[in-house]
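J.: Sequence and predicted structure, then a few things I'm wondering about:
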There are 2 protein chains.
Amino acid sequence: MTKQDLAACHDRIKPYIHRTPVLTSTLLNEISGAKIFFKCENFQRMGAFKMRGASSAISKLSKAQKSRGVVTHSSGNFAQALSLSAKSLGVKAYIVMPSNAPQVKKDAVKGYGGEIIECPPTLEERERAAAKIKEEKGATFLHPSNNLDVILGQGTAAIELLEDYPDLDYIFTPVGGGGLIAGTALAAHFYGTDCKVIGGEPFEVDDAYRSLQSGKIETNITINTIADGLKTQLGDVNFPIIQKYVSEIIRVEENEIISAMRLIWERMKIIIEPSCAVPFAALLREKDRFKDKKVGIILSGGNIDLNNLPF
Amino acid sequence: MTKQDLAACHDRIKPYIHRTPVLTSTLLNEISGAKIFFKCENFQRMGAFKMRGASSAISKLSKAQKSRGVVTHSSGNFAQALSLSAKSLGVKAYIVMPSNAPQVKKDAVKGYGGEIIECPPTLEERERAAAKIKEEKGATFLHPSNNLDVILGQGTAAIELLEDYPDLDYIFTPVGGGGLIAGTALAAHFYGTDCKVIGGEPFEVDDAYRSLQSGKIETNITINTIADGLKTQLGDVNFPIIQKYVSEIIRVEENEIISAMRLIWERMKIIIEPSCAVPFAALLREKDRFKDKKVGIILSGGNIDLNNLPF
């Protein structure tokens, strides 16, 4: 990957994404001791940074591939992102979802024009259903995080952040499937000036932390975290990038995630989802180390069920 | 009042307020049919436009008056606004609050440096307690809405909105005590180009609507509305301005307020309080009239108890 790859990706997806605002908060700077620049991907189209990666991957396809559609398995933000970017690019999107996925998520995908294929709620069944669509329709399978074009797309949020604030000392992101942090780390490497990238990860799903320790991709046994977007695991495309370019991963407790989320809601008056609060929780947990540093935080998304809040 | 009065007020308070962002939403434009420009006073210091009026009134005082402090009776946003602006200007603030005010509101006032004087929960007792402070301390009484400097201060949000978007056809605000809508109407008159000002008011507390009909200040018998910031009534300073410069008031039902609030939370990912949703609810209620019009909406505030949401 080169800086040109990132720049080309950014140019390619600009028609399909918002350049999201960067917000600051005197109060949260006082609480943390750092100078924080929040990149508000919760204001992104469909409410999450995933719109960047999805637009990147679809817009990279050939005309023939586009005519046959795209397929993914996801019940989260990537399902909505793929549906909406496919619609924007005039491409058909097939979304494999577990039959027990919440109705609100199915409705969101349908609202963005995606076609849902339901399957039993296991990873094997999801993969089988996606493979079937790929075979029957000739659709291109796009993985939510373990795909280089998706990774480059996710990195464009950090490009914009560094264009606005070139001298950031750190950028924090959440770590789930690894697409966002890998893309961010590439962007920080090519666009930053000695800008380190740190991941925030729940102790409950600390596969990325353990993978960096062991040098191989680790899995989670249990996934009891409120940060439902971070239950996924790293892949062979993003893990080498993370190994090479990410400085460290800081793990946080569930109660730290909830209080960080509440602080942002109450003080900044913006809505973020639990996964999105994890990097800010990580900063607060080790705040003494980041005193007076300029810290970018990617606020990854704001899609949350208002009837099911943790406070 | 002249344009110079408004401009001088704006210059005077700039050091103490944020110039808040204006947000737009493709989805809410589609739903309403109008082109809406949301002036985000929920991102204002202490979370509401009241910061503008409070800073305006305090900064206008003489040195001698400032040395003796200011007093008001309020359990809402003006109490916090007066406390914080007084602190910013090095002035003592006495806040008369009913003894049954929620602890969270008392804590907020204390957090901003205000001194709370508790009194029994009736208007008479509040006024008596404020008069006592005025007499004992020589503090200047500042009314939350029926004070010309407060009114001019509240109008500065619309000045900024019209500086950003000079050709708005309408500006909508909520109507409570009348300070915000009166100031907005002055700003629209002097800074707009045929820009009409419309108030949104709950049917449950439609004193302003009835006052405009009858030509005299009407009161509410019951105040059963979720829009707790709008339970107050007009005063003799703001009513003549409203009569002269406000085009009309549109009343809305409680369920319309809650769905408008929810739409803004879910689609824009920002936190607004119930009172703040009222003008958007009013626009939606009569949306056919505003099709393709450029409409500014003052999002008045974002202070809400997250443990007590209407959804």
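T.: Arrived safely, thanks for sending.

J.: Next, the residue of the stretch 1-150 of chain A found nearest chain B: secondary structure please.
T.: Proximity to chain B, evaluated over the stretch 1-150 of chain A using C-beta to the nearest C-beta, is greatest for residue A:42 at 4.7 Å. (C-beta placed from N, C-alpha, C; glycine too.) Under DSSP: H, G, I helix; E, B strand; the rest coil, residue A:42 falls in the helix class.

J.: what's near enough to touch it?
T.: Contact partners of residue A:42, counting by C-beta atoms under 8 Å, 6 or more residues apart in numbering or on different chains, are A:48, A:270, A:271, A:272, A:273, A:276, A:299, A:300, A:301, A:302, B:269.

J.: And the strands in the stretch 151-300 of chain A, which stretches?
T.: A:170-174, A:196-202, A:248-252, A:294-299 (DSSP state E, counting those that start in this stretch).

J.: just to revisit the earlier point, any chance of the contacts of residue A:42 in JSON lines, plus neighbour count?
T.: As requested, the contacts of residue A:42 are exported to JSON lines (neighbours: other C-beta atoms under 10 Å in any protein chain shown):
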{"residue": "A:48", "neighbour count": "29"}
{"residue": "A:270", "neighbour count": "24"}
{"residue": "A:271", "neighbour count": "25"}
{"residue": "A:272", "neighbour count": "25"}
{"residue": "A:273", "neighbour count": "25"}
{"residue": "A:276", "neighbour count": "34"}
{"residue": "A:299", "neighbour count": "31"}
{"residue": "A:300", "neighbour count": "31"}
{"residue": "A:301", "neighbour count": "31"}
{"residue": "A:302", "neighbour count": "24"}
{"residue": "B:269", "neighbour count": "25"}
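
J.: any chance you could map the helices in chain A?
T.: Counting by DSSP state H, one finds helices in chain A at the ranges A:3-13, A:26-32, A:50-59, A:63-68, A:77-88, A:103-111, A:123-137, A:148-164, A:179-191, A:207-214, A:238-245, A:254-263, A:274-285.

J.: Can you tell me which of the ones you listed is nearest to residue A:291?
T.: Nearest of the helices of chain A to residue A:291, taken as C-beta to C-beta: helix A:26-32 at 8.6 Å.

J.: From the rest of the structure, what touches that closest one?
T.: The contact list for helix A:26-32 (C-beta under 8 Å, 6+ apart) reads A:35, A:36, A:263, A:264, A:267, A:268, A:280, A:283, A:284, A:287, A:290.

J.: doesn't residue A:283 make contact with the last one?
T.: It stands for residue A:290. Yes - using C-beta atoms under 8 Å, residue A:290 is in contact with residue A:283, at 6.0 Å.

J.: Need the residues touching each of these two.
T.: With C-beta under 8 Å, 6+ apart as the test, residue A:290 and residue A:283 both reach A:32, A:34.

J.: For the two, indicate the residue with more neighbours.
T.: Of the pair residue A:290 and residue A:283, residue A:283 is the one with more neighbours under other C-beta atoms under 10 Å in any protein chain shown, namely 26 against 21.

J.: Tell me how many other residues surround residue A:213.
T.: 11.

J.: What distance do you get for it to residue B:164?
T.: Here the criterion is C-beta to C-beta, to the nearest Å. By it, residue A:213 lies 50 Å from residue B:164.

J.: How about residue A:299: which residues does it bridge to?
T.: Taking DSSP bridges as the rule, residue A:299 bridges to residue A:40.

J.: For stretch A:105-116, measure first residue to last.
T.: 11 Å (C-alpha to C-alpha, to the nearest Å).

J.: Can you tell me what sits against that stretch?
T.: Contact partners of stretch A:105-116, identified using C-beta under 8 Å, 6+ apart, comprise A:46, A:75-76, A:79-80, A:82-84, A:86-87, A:92-97, A:303.

J.: what's the distance between it and the middle of its chain?
T.: Chain-centre distance of stretch A:105-116: 19 Å, with C-alpha atoms, centre = their mean, to the nearest Å.

J.: Could I get the buried residue list for that stretch?
T.: Residues A:105, A:106, A:108, A:109, A:112, A:114, A:115, A:116 are the ones in stretch A:105-116 that count as buried (16 or more other C-beta atoms under 10 Å in any protein chain shown).

J.: Not including adjacent chain positions, what is the nearest residue to the residue sitting nearest the centre point of chain A?
T.: For chain A, residue A:180 is the residue whose C-alpha lies nearest the centre (C-alpha atoms, centre = their mean; 4.6 Å). Distances taken as C-beta to C-beta, 6 or more residues apart in numbering or on different chains place residue A:154 nearest to residue A:180, at 4.5 Å, with adjacent residues excluded.

J.: hang on, the earlier thing: filter the contacts of helix A:26-32 to the buried ones?
T.: If we count by 16+ other C-beta under 10 Å, the contacts of helix A:26-32 have these buried: A:35, A:36, A:263, A:264, A:267, A:268, A:280, A:283, A:284, A:290.

J.: from these, which is closest to chain B?
T.: Using C-beta to the nearest C-beta, residue A:268 comes nearest to chain B of the buried ones among the contacts of helix A:26-32, at 7.7 Å.

J.: Look up how far residue B:32 lies from the closest one.
T.: Distance of residue A:268 to residue B:32, computed by C-beta to C-beta: 26 Å.

J.: try residue A:173
T.: Here residue A:173 is placed at a distance of 35 Å from residue B:32 (C-beta to C-beta).
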